[in-house]
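*Asks:* Predicted model and sequence below, questions to follow.
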Amino acid sequence: TAGEQELAAAAEAGRVEIVKLLLKSELGLGYPFYLAVRAGQMDVVKLLLEHGAEPASALSDAVETGNVEMVRLLLEKGGCPHGGSMDYAFSLAAFHGHLEVVKLLLEKGIPAREAISGAASGGDVDMVQLLLEHGANPDDGMSSAAERGHMEIVKLLLEKGASANHGILEAAGSGQNEIV
């Protein structure tokens, strides 16, 4: 409806007073909440949570964007860090180097194995090291690192016990001859 579109636009722009007015019309909160989370509009997100927005519905979006304060808020309000689209979002956070978000999710019990491939693909040595320290299997990141030519990560994974056989086909197929 037109009212929901206005609410979504106000939420994304962080227009708290307009959001308050539109909330009196009992419009749907889902899409405006999603936009506010993705845009990092903390005050609007808090307001929408107070009016019944579901924290779990946008937690993976906050993780993906790397907004650690937003992730923390949604977790405090009942967002569940396990299952659904969270595994993919966790992997994306590792890929994009959102270190603080990854640390927070590790503290909340998400297995490191869910993100090692994303971290290896992204080429972030510190992220890969962190995930290995939290129990990720070095073999799980080998194919991604080899395929993208991240030699330093390949060496780290081998040092941590990855099989040299993992990733050879991917490296050869993507022209990463120095790794082969």
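*Replies:* Received the coordinates, thanks.
*Asks:* Tell me the buried residues in stretch 36-54?
*Replies:* Buried residues in stretch 36-54, defined by neighbour count with 16 or more other CB atoms under 10 Å: 36-41, 44-45, 47-49, 53-54. Backbone N, C-alpha and C define where each C-beta goes, glycine included.
*Asks:* Please verify my assumption that residue 29 contacts residue 53.
*Replies:* Yes. Using CB atoms under 8 Å, residue 29 makes contact with residue 53 at a distance of 4.5 Å.
*Asks:* joint contacts of the two?
*Replies:* With contacts defined as CB atoms under 8 Å, 6 or more residues apart in numbering, no residue is shared by residue 29 and residue 53.
*Asks:* Check what contacts the helix of greatest length in the chain and list those residues.
*Replies:* In the chain, taking DSSP state H as the definition, the longest helix is helix 2-13. Applying CB under 8 Å, 6+ apart, the contact partners of helix 2-13 are 18-19, 22-23, 25, 27-29, 31-33, 35-36, 38-39, 41, 44, 48.
*Asks:* re earlier: let me have the buried residues of stretch 36-54 in JSON lines, adding secondary structure, pLDDT and distance to residue 90 as columns.
*Replies:* Shown next, in JSON lines, are the buried residues of stretch 36-54 (DSSP: H, G, I helix; E, B strand; the rest coil; pLDDT from 0 to 100; distance: CB to CB, whole Å):
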{"residue": "36", "secondary structure": "helix", "pLDDT": "94", "distance to residue 90": "21"}
{"residue": "37", "secondary structure": "helix", "pLDDT": "95", "distance to residue 90": "16"}
{"residue": "38", "secondary structure": "helix", "pLDDT": "93", "distance to residue 90": "17"}
{"residue": "39", "secondary structure": "helix", "pLDDT": "95", "distance to residue 90": "21"}
{"residue": "40", "secondary structure": "coil", "pLDDT": "95", "distance to residue 90": "19"}
{"residue": "41", "secondary structure": "coil", "pLDDT": "94", "distance to residue 90": "23"}
{"residue": "44", "secondary structure": "helix", "pLDDT": "94", "distance to residue 90": "25"}
{"residue": "45", "secondary structure": "helix", "pLDDT": "95", "distance to residue 90": "20"}
{"residue": "47", "secondary structure": "helix", "pLDDT": "93", "distance to residue 90": "27"}
{"residue": "48", "secondary structure": "helix", "pLDDT": "93", "distance to residue 90": "24"}
{"residue": "49", "secondary structure": "helix", "pLDDT": "95", "distance to residue 90": "22"}
{"residue": "53", "secondary structure": "coil", "pLDDT": "90", "distance to residue 90": "22"}
{"residue": "54", "secondary structure": "coil", "pLDDT": "89", "distance to residue 90": "19"}
